[in-house]
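Enquirer: give me a 3D structure for the following:
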Amino acid sequence: MLILGIESSCDETGLALYDTKKGLLGQALHSQGDLHADYGGIVPELASRDHVRKITPLTHLVLQEAGKSLADLDGIAYTAGPGLMGALLVGASFAKALAWSLDLPSIEVHHMEAHLLAPLIDPKNAPQLPFVALLVSGGHTQLVHVKALGDYHILGESLDDAAGEAFDKTAKLLGLGYPGGPKIAAKAEIGNP
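Expert: A predicted model of the protein is given here:
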């Protein structure tokens, strides 16, 4: 099966082409970091509009680089949440409309479950089930016991800000700019241990 995956939960437009026998055939990612830098954080409406501008060209790019066409697809998967409502709506609308036009199934993917299961994509390096995963993704920080596919138990999570938000706020307080994580990491590299 050949699946086109679409991720638009926040400020990055990501597409991937995955073959169930051959693995990852292509991927493309557009980051909106520069777009939101002047605001010190993500502006949801700007994020949504940028997804609208980038999703079609990125789709063509991923297919072209893999030597495939829309006619080769067997299904289209998309991030259904959690995330920014407008950004999610762009990805879902595009995926559903494209799937409908090609008479293909559209597949909703839970954002956090995708993070949990991403290590399983490469069978040679995949952890054995069950395992414990630390999710640090933008607005989420969770420690999860992955018992089996679809069987998850949250062991703990942040009560206030997620780690990604904390890095952005700390960087803002220090005058380092946005996004905070990479800016703080760069400063840490040249700091005094």
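Enquirer: and Pro123, its phi and psi?
Expert: Main-chain dihedrals, Pro123, degrees, to the nearest 10: phi -60, psi -30.
Enquirer: read off the pLDDT value for it.
Expert: Per-residue confidence at Pro123 stands at 80 (pLDDT).
Enquirer: same check, this time on Asp38
Expert: 86.
Enquirer: can you get me a residue count around it?
Expert: Here the number of neighbours of Asp38 (other Cβ atoms under 10 Å) works out to 9. Heads up, the C-betas are built off the backbone N, CA and C, glycines and all.
Enquirer: hey, C-alpha coordinates of the helix ranked longest in the chain in PDB?
Expert: As assigned by DSSP state H, the longest helix anywhere in the chain is helix 44-66. What follows is helix 44-66, C-alpha atoms only, in PDB (Å, rounded to 0.1, in the frame of the first residue of the first chain):
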ATOM      1  CA  PRO A  44      -2.900  30.400  14.700                       C
ATOM      2  CA  GLU A  45      -4.500  32.400  11.800                       C
ATOM      3  CA  LEU A  46      -1.100  32.900  10.100                       C
ATOM      4  CA  ALA A  47      -0.200  29.300  10.600                       C
ATOM      5  CA  SER A  48      -3.500  28.200   8.900                       C
ATOM      6  CA  ARG A  49      -3.000  30.500   5.900                       C
ATOM      7  CA  ASP A  50       0.600  29.300   5.400                       C
ATOM      8  CA  HIS A  51      -0.600  25.700   5.400                       C
ATOM      9  CA  VAL A  52      -3.100  26.600   2.600                       C
ATOM     10  CA  ARG A  53      -0.200  28.100   0.600                       C
ATOM     11  CA  LYS A  54       2.200  25.200   1.100                       C
ATOM     12  CA  ILE A  55       0.200  21.900   1.200                       C
ATOM     13  CA  THR A  56      -0.400  21.500  -2.600                       C
ATOM     14  CA  PRO A  57       3.100  22.300  -3.800                       C
ATOM     15  CA  LEU A  58       4.600  20.000  -1.100                       C
ATOM     16  CA  THR A  59       2.300  17.200  -2.200                       C
ATOM     17  CA  HIS A  60       3.500  17.500  -5.800                       C
ATOM     18  CA  LEU A  61       7.100  17.700  -4.600                       C
ATOM     19  CA  VAL A  62       6.900  14.500  -2.500                       C
ATOM     20  CA  LEU A  63       5.200  12.600  -5.300                       C
ATOM     21  CA  GLN A  64       7.700  13.900  -7.900                       C
ATOM     22  CA  GLU A  65      10.700  13.100  -5.800                       C
ATOM     23  CA  ALA A  66       9.500   9.500  -5.300                       C
END
